[in-house]
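Colleague: Have a look; sequence and predicted model below, questions after that.
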Amino acid sequence: MNIEYYLADPAGNITALVTSPVLHGDYKTVAKVIMERQKSVEQVGFVTFSEKAVHLNMSGDEFCGNAAMSAAALYGALSGKSGRFQTGVYVFGTANPVKTAVTVKEGYFACECEIEKPKSLSEVTFCAQGGQYRFPIVHFEGISHIVADSSLSENAAAGAIKDIAGKLGVKALGIMILSGDKTRMKPIVYVPGVDTLFYENSCASGTCAAAAVLCRAGEKITLKQPGGEISAENADNIRLFSKVKISKLCSEEL
């Protein structure tokens, strides 16, 4: 079986977008092969396109804001769009499409999208490396994020994240570690369905979670992450802003 896919780069969070037809039951196998052969890839999504919409299913059935924007950018690239266009991205497991606007630039796509307000915002207590921590946790459809501060080390977060995800029973869990001045963020994300844990270069939904915790209505936050900057605005829905680059077509034989 030949699998074709494109590599997308939304602020360094390298995403493989598979355009070949793949059965849902084979997602995990295909994702594993791609990630073994493309060491820079942090996540894999499967996309189909219709005239006015994009359909995206992540390999672990999780939600991913960067992948949603990347899928919209890929749609623009493959359909020869120019200027600014809008499309809905239907993400598996969510009730409504992600409203996305894309502006075609020289060498990249400037993407904006709206993510629905969190289902809930509360606090979670957990232990890591002998310490006890209590931080806000933001639950979106398909992914949850703990918004931590620098008192929690990356190693402690990575060591605890699988246990926390198991206790919460979530499709995906991120721990977003903010700097003291809240201008920088280090994302760590675990997806139980494919058992992947990454110190991600950027996390769009994690940026939304930080905006939900830190911003009042109408306020905007820009967070420098290892792979680049992502901005989010706390409005009626949470609005994301990022740049996406699309690379050439790749293929693998399975």
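Modeller: In hand now; what should we look at?
Colleague: Could you pull out the strands in the stretch 101-250 of the chain for me?
Modeller: In the stretch 101-250 of the chain, the segments counted as strands under DSSP state E, counting those that start in this stretch are 109-115, 120-128, 131-140, 143-148, 173-178, 185-191, 196-199, 220-225, 228-234, 238-253.
Colleague: Name the strands paired with the first one and say parallel or antiparallel.
Modeller: The one in question is strand 109-115. strand 98-104 (antiparallel), strand 238-253 (antiparallel) (DSSP bridges).
Colleague: Please list the residues outside the first one that contact it.
Modeller: For strand 98-104, the surrounding residues in contact (Cβ atoms under 8 Å, 6 or more residues apart in numbering) are 54, 65, 68-69, 72-73, 76, 81-91, 109-115. The C-beta positions use only the backbone N, C-alpha and C, and glycine is treated the same way.
Colleague: what's the closest of the strands of the stretch 101-250 of the chain to T15?
Modeller: strand 238-253 (8.9 Å; Cβ to Cβ).
Colleague: what residues are up against the residue most central in space within the chain?
Modeller: Nearest residue to the geometric centre of the chain (Cα atoms, centre = their mean): C64, 3.1 Å. Shown in contact with C64 (Cβ under 8 Å, 6+ apart): T15, Q43, G45, M58, V91, I143, A172, A204, S205.
Colleague: ok, those residues vs H24, which is closest?
Modeller: Within those, the smallest distance to H24 is 11.2 Å, found for M58 (Cβ to Cβ).
Colleague: And for that closest one, nearest residue in space, chain neighbours not counted?
Modeller: What sits nearest to M58 in space, not counting adjacent residues and going by Cβ to Cβ, 6 or more residues apart in numbering, is G45, at 5.0 Å.
Colleague: go on, V138?
Modeller: Leaving out its chain neighbours, the residue that sits closest to V138 by Cβ to Cβ, 6+ apart is A209, at 3.9 Å.
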